[in-house]
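Visitor: No letters, just coordinates:
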């Protein structure tokens, strides 16, 4: 075992497997992730396991820093922007992580294709701003949060089915490491 600061540990073989997959495909598949590889420094950042305990976390490099896209989107009920209570634990741990580490967060609001263009745009904006307000209330600095509304312009599932529309009513959470000087 390789042990990193804050007491989290990760099996070296698991880390090397994940690292090889990051380099070859820029995504990690079918691994419960307890850390994110920072590609620019080949380090491991400690991330609370329940935040990134997902089947897939996409990693990209921008300006020599890593960006982690959490694939556990926050999904919403039809015509609702209030935070689903089931996601409060994840957001509480995310807020704790953000207050203790140098990361910025992008909240990307989306809607399904039911309703008007303007209505969907406003709904996606309200969803992203609702998550932002929640994180601000938990002590995350406003300067580190960016919200963007996409309306129904970027579906991830078929809007012709109720399950597809449910997946499209979401807020995507993107973390980006900020300066480490």
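Guide: Arrived safely. Remember, predicted model here, so these are calculated numbers, not experimental data. Residues are numbered from 1 along each chain as shown.
Visitor: show me where the chain has strands.
Guide: 2-3, 9-10, 27-29, 35-38, 43-46, 56-62, 65-75, 103-109, 145-149, 170-177 (DSSP state E).
Visitor: For residue 105, give its distance to residue 89.
Guide: Note on residue 105: its distance to residue 89, by CB to CB, to the nearest Å, is 17 Å. The C-beta positions use only the backbone N, C-alpha and C, and glycine is treated the same way.
Visitor: Compare neighbour counts for these two and give me the winner.
Guide: residue 105 (21 against 11; other CB atoms under 10 Å).
Visitor: Run through the bridge partners of the more buried one.
Guide: residue 145, residue 175 (DSSP bridges).
Visitor: just checking, it touches residue 146?
Guide: Yes. With contact defined as CB atoms under 8 Å, residue 105 reaches residue 146; the gap is 7.3 Å.
Visitor: can you tell me the average pLDDT over stretch 109-123?
Guide: The pLDDT scores in stretch 109-123 average 93.
Visitor: And for stretch 151-160?
Guide: Averaged across stretch 151-160, pLDDT comes to 93.
Visitor: ends of it, how far apart?
Guide: Start-to-end span of stretch 151-160 (CA to CA, to the nearest Å) is 16 Å.
Visitor: list the buried ones in it?
Guide: By 16 or more other CB atoms under 10 Å, the buried positions in stretch 151-160 come out as 151-152, 155.
Visitor: Stretch 158-171 now?
Guide: If you call a residue buried by 16+ other CB under 10 Å, then stretch 158-171 has these buried ones: 165, 167-171.
Visitor: Closest one of the residues you listed to residue 142?
Guide: residue 171 (16.9 Å; CB to CB).
Visitor: Residues touching stretch 138-156, excluding its own?
Guide: Stretch 138-156 is contacted by residues 91-92, 95-96, 98-99, 103-113, 117, 120-125, 128-129, 131-132, 135-136, 159, 164, 167-168, 170, 178 when judged by CB atoms under 8 Å, 6 or more residues apart in numbering.
Visitor: picking that back up, among the buried residues of stretch 151-160, which are in helices?
Guide: Among those, DSSP state H puts none in helices.
Visitor: Please tell me how far residue 123 sits from residue 165.
Guide: Separation of residue 123 from residue 165 (CB to CB): 12 Å.
Visitor: what does residue 158 give?
Guide: Residue 158 sits at a distance of 8 Å from residue 165 (criterion: CB to CB).
Visitor: Then residue 122?
Guide: 17 Å.
Visitor: what's the answer for residue 136, then?
Guide: According to CB to CB, residue 136 stands 29 Å off from residue 165.
Visitor: Great, nothing more from me.
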